[in-house]
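K.L.:
need a 3D model of the sequence below.
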Amino acid sequence: MPLEFLKQLRPIALPITVRDPHDIDKLRVLRAAGMVIADINESASGTEAVVHELTNYGKIELSIEEDPAN
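P.N.:
Numbering: from 1, shown residues only. Prediction:
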């Protein structure tokens, strides 16, 4: 699920490179929703994405999803 992937990105120092096709599909959704800034490059050797940052909208979405008990 894209939001779960967004949660995984939160503690990671960005930028990062992503090569897993499933994660790149999630990034496409997150980028289209305006939650991340990422470049997705397709070449003959495969697809690769670079996640540059979580947008304010992505950070707000994460704060909404947080469990207040934690």
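K.L.:
what's the weakest-modelled helix or strand in this structure?
P.N.:
Least confident helix or strand of the chain, by mean pLDDT, DSSP states H and E, is helix 56-65 with a mean of 90.
K.L.:
who touches stretch 31-42?
P.N.:
If you take C-beta atoms under 8 Å, 6 or more residues apart in numbering as the criterion, stretch 31-42 is touched by 2, 6, 9, 24, 27-28, 30, 47-55, 57-58, 61. Backbone N, C-alpha and C define where each C-beta goes, glycine included.
K.L.:
of those residues, grab the buried ones for PyMOL.
P.N.:
Selection of buried members from those for PyMOL, criterion 16 or more other C-beta atoms under 10 Å:
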select buried, resi 2+6+9+24+27+28+30+49+51+54+55+58+61
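K.L.:
for the least confident helix or strand of the chain, which helices and strands make contact with it?
P.N.:
Helix 56-65 sits against helix 2-9, with contacts defined as 3 or more C-beta pairs under 8 Å, 6 or more residues apart in numbering; DSSP states H and E.
K.L.:
helices or strands next to whatever helix or strand comes next after the helix it packs on in the packing?
P.N.:
Downstream of helix 2-9, the first helix or strand assigned by DSSP states H and E is strand 16-18. For strand 16-18, the packing partners by 3+ C-beta pairs under 8 Å, 6+ apart come out as strand 46-54.
K.L.:
angle of the lengthiest helix in the chain against helix 2-9?
P.N.:
Taking DSSP state H as the criterion, the chain has its longest helix at helix 21-32. If you take axes from the mean of the first three to the mean of the last three C-alpha atoms, to 10 degrees, helix 21-32 sits at 100 degrees to helix 2-9.
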